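1. model this:
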Amino acid sequence: MFLGTHNPRLDDKGRLFLPARFRERMAEGLVVTRGQERCLYVFPMDEFVRVSQQLRAAPMTSKAVRDYLRVFLSGASDEVPDKQGRITIPAALRQYAGLSRDCTVIGAGERVEVWDTEAWERYLSSTEQAFSDQAEEVVPGLL
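-> Numbers count the residues shown, from 1 in each chain. Below you'll find the predicted structure:
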């Protein structure tokens with residue numbers, strides 16, 4: 001499981017150091033793709049395969065499903081970290097997420113998210129209070 005918040009920098013070649021604690025799980029390969037709220041999702045290859053199999057079960061007769069699949073899969077890039085634990089973020093994905101030099105990488109359970117640091121700070125400040133004030137069940141049976 002991926003947890004925590006890390007602040008690596010994007011280099012001039014569009015490479016990003018994966019946090020050391022994430023590297024072993026991603027060593028055999030990963031997929032980077034567009035995520036919600038203009039961040040990037042990074043999945044270990046086996047997790048991406050599992051997610052895509054679930055997506056294939058969605059009804060193709062639904063325009064929303066087709067739209068989601070097109071955006072999600074067309075932006076996907078499979079990568080293998082180099083010996084130093086760096087991955088290359090393709091230019092189109094850097095543009096989608098508005099990535100500058102300063103990035104925030106968060107563990108989000110079965111995936112990692114890559115955010116531009118300023119965008120992450122705006123997102124967090126806009127959602128932390130609602131999280132703190134949550135008085136009803138968000139995920140049934142969880143808490």
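2. CA atoms for contacts and neighbours, from now on please.
-> Will do.
3. ok, the most centrally placed residue in the chain to residue 115 distance?
-> Nearest to the mean C-alpha position of the chain, by C-alpha atoms, centre = their mean, lies residue 41 at 1.8 Å. Residue 41 sits at a distance of 9 Å from residue 115 (criterion: C-alpha to C-alpha, to the nearest Å).
4. cool, residue 53 as well?
-> Counting by C-alpha to C-alpha, the gap from residue 53 to residue 115 is 26 Å.
5. more neighbours, those two?
-> Neighbour comparison, residue 53 and residue 115: the larger count goes to residue 115, with 27 against 11 (by other C-alpha atoms under 10 Å).
6. residues in contact with the residue nearest to residue 104 when sequence neighbours are not counted?
-> Nearest-residue entry for residue 104: residue 7, 4.6 Å, with adjacent residues in sequence omitted and distances by C-alpha to C-alpha, 6 or more residues apart in numbering. Residues near residue 7 by C-alpha atoms under 8 Å, 6 or more residues apart in numbering: 102, 103, 104, 105, 117.
7. next one: phi and psi at the third one?
-> Put plainly, it is residue 104. Torsion angles at residue 104 (phi, psi; degrees, to the nearest 10) stand at phi -120, psi 130.
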